[in-house]
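Peer 1: When you get a sec, could you give me coordinates for this:
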Amino acid sequence: MAYTYRIYRLPTSDPDLLPLLANKFSSLRLQALTLPPTAFASTLEVESTFPASTWISRLLRPNVHSFIAVAHPSSTPTSDQTIESGDWIGSATLLGPIPKSTYELKESGGDIIGKDGEEGKWQMTAMYNNPAHRGKGIAKLLITEVVEFARRESGDGKRTRVRIMIRPTNVVVRGLYEGLGFVEAGRCNYAEAIVANGDELPEDGGKGEPAKYFTRGGIVMEKVVV
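Peer 2: So this is what the prediction gives:
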């Protein structure tokens with residue numbers, strides 16, 4: 001079947017629509033968590049136990065913006081192509097704007113971060129694309145929309161810095177982002193990545209497994225636009 005792909009920012013202002021969207025979002029997220037466990041900080045075992053109220057609360061977190069890729073059959077009239085219809089086949093999460101004091105990783109070895117009045121700072125995470133729809137440019141559509149949203153929200157004439165954190169073994173992912181203008185901007189450890197992506201560290205903060213949580217092996221990539 002031929003499809004038309006569209007990217008939507010998930011709306012959260014309609015309390016009547018939110019339960020439906022949260023249910024579709026949870027299904028997509030759990031599907032993503034069936035991938036190898038290194039792809040996400042969380043696990044299917046953990047998130048499959050979440051009640052509906054938890055998924056709604058996650059979508060309502062302040063400064064968290066969810067973007068959804070929807071596949072509409074090409075025969076669907078444009079007027080009927082909405083976020084509620086079609087198949088949800090991809091997603092990305094954008095956090096921000098983030099103040100410099102929280103965003104900056106002092107030991108990363110990256111560039112100097114600008115003042116909050118000079119630039120908007122954002123963290124992108126949880127990128128997912130259904131394997132059945134890969135090779136269609138969905139990831140590029142999601143990333144482009146996320147960066148453009150961040151640029152608009154940062155304000156005219158203000159620099160916009162969008163960051164991701166990836167594992168050094170993710171060669172394909174790195175190539176994707178480099179092709180869209182992201183450049184290496186330092187190194188991070190697993191604990192920093194978990195916090196930056198809005199997830200929670202274990203109760204001991206990772207101190208029980210220092211090699212896992214505090215080895216500075218992750219790659220920080222950023223794109224700066226105006």
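Peer 1: what's downstream of the helix or strand bottoming out on mean pLDDT in the chain, the next helix or strand?
Peer 2: Within the chain, no helix or strand scores below helix 44-47, which has a mean of 88 by mean pLDDT, DSSP states H and E. Going down the chain from helix 44-47, the next helix or strand is helix 52-59, by DSSP states H and E.
Peer 1: ok, and what's touching that next one?
Peer 2: Residues from elsewhere that reach helix 52-59, judged by C-beta atoms under 8 Å, 6 or more residues apart in numbering: Leu10, Thr12, Leu18, Pro19, Leu21, Ala22, Asn23, Phe25, Ser26, Val64, Ser66. Just so you know, the C-beta spots here come from the backbone N, C-alpha and C atoms, and that holds for glycine as well.
Peer 1: ok so, going back, off-centre distance for the least confident helix or strand of the chain?
Peer 2: Mean-position distance between helix 44-47 and its chain equals 18 Å (C-alpha atoms, centre = their mean, to the nearest Å).
Peer 1: ok, now stretch 44-54?
Peer 2: Centroid separation for stretch 44-54 versus its chain: 19 Å, with C-alpha atoms, centre = their mean.
Peer 1: So which bits of it are buried?
Peer 2: Across stretch 44-54, burial judged by 16 or more other C-beta atoms under 10 Å covers Leu44, Glu47.
Peer 1: Please apply the same query to stretch 213-222.
Peer 2: Here stretch 213-222 shows Tyr213, Gly218, Ile219, Val220, Met221, Glu222 as buried, counting by 16+ other C-beta under 10 Å.
Peer 1: With stretch 165-179 instead?
Peer 2: Buried residues in stretch 165-179 (16+ other C-beta under 10 Å): Met165, Ile166, Val173, Arg174, Leu176, Tyr177.
Peer 1: Same question for stretch 79-96.
Peer 2: Ile83, Gly86, Asp87, Trp88, Ile89, Gly90, Ser91, Ala92, Thr93, Leu94, Leu95, Gly96.
Peer 1: who does the helix ranked longest in the chain touch, helix- and strand-wise?
Peer 2: As assigned by DSSP state H, the longest helix anywhere in the chain is helix 138-154. In terms of contacts (3 or more C-beta pairs under 8 Å, 6 or more residues apart in numbering; DSSP states H and E), helix 138-154 is packed against strand 3-9, strand 64-73, strand 87-95, strand 119-129, strand 159-166, helix 171-179, strand 218-225.
Peer 1: Can you tell me what sits against it?
Peer 2: 5, 7, 9, 65, 67, 69, 89-92, 94, 96-97, 119-120, 122, 124, 127, 129, 160, 162, 176-177, 179-180, 223, 225-226.
Peer 1: Could you do stretch 86-93 as well?
Peer 2: Here stretch 86-93 has contacts from 5-6, 24-25, 27-29, 32, 64-73, 76, 124-130, 132-133, 138-139, 142-143, 146, 197-198, using C-beta under 8 Å, 6+ apart.
Peer 1: ditto for stretch 160-174
Peer 2: For stretch 160-174, using C-beta under 8 Å, 6+ apart, the contacting residues are 38, 94, 103, 113-114, 119-125, 127, 146-147, 150-151, 154, 177, 182, 185, 188, 192-193, 196-197, 217-226.
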